[in-house]
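Novice: 3D model of this:
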Amino acid sequence: MYFWQNEWCKHGSCALNCTTETDSERNYFNKTVDLNKKFSIDKALSENGIVPGKSYNLTTITDALHDAFNATSIVCCSVVDGQNYLHEIHLCMTTDFTLKDCDVSMTGCKKYEPISYPSFLS
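Specialist: Next up, the predicted model:
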């Protein structure tokens, strides 16, 4: 329950006045599920040969995402013992849920080091 409360307070409450599709907690979470299905990051990566358990350079990941979504995304890393680990990927959207280019392409990644795509993301 805490996870959903936190997500609503952190993200959903900002979307309250954007559209009727996000004007309540239920509508917000239904819309996020729909968007997750429509813009499947896992599918975009796997269709480009990017699978968990291996390492990739940043360009390989960002190019695969751009090819799939025709927009730049944000690749976020956690660095542990000097190694980049894929932490999350952001797709940026307008208030009507149209994909748009994100302002930056990465955050937290050591730019020229491989990024490990862990088999289990925590």
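
Novice: what ranges do the strands span in the chain?
Specialist: Assigned by DSSP state E, the chain shows strands spanning 54-56, 73-80, 83-93, 99-100, 106-107, 115-117.

Novice: Lowest average confidence across the ones you listed, which one?
Specialist: Note on the strands of the chain: lowest mean pLDDT is at strand 106-107, with a mean of 77.

Novice: Other residues contacting that one?
Specialist: Applying C-beta atoms under 8 Å, 6 or more residues apart in numbering, the external contacts of strand 106-107 come out as 58, 62, 74, 75, 76, 77. Heads up, the C-betas are built off the backbone N, CA and C, glycines and all.

Novice: From those residues, pick the one nearest residue 94.
Specialist: Nearest to residue 94 among the contacts of strand 106-107, counting by C-beta to C-beta, is residue 74 at 15.7 Å.

Novice: so who does that closest one touch?
Specialist: Residues near residue 74 by C-beta under 8 Å, 6+ apart: 89, 90, 92, 102, 104, 105, 106, 107.

Novice: Mind listing the residues bridging to it?
Specialist: residue 90 (DSSP bridges).
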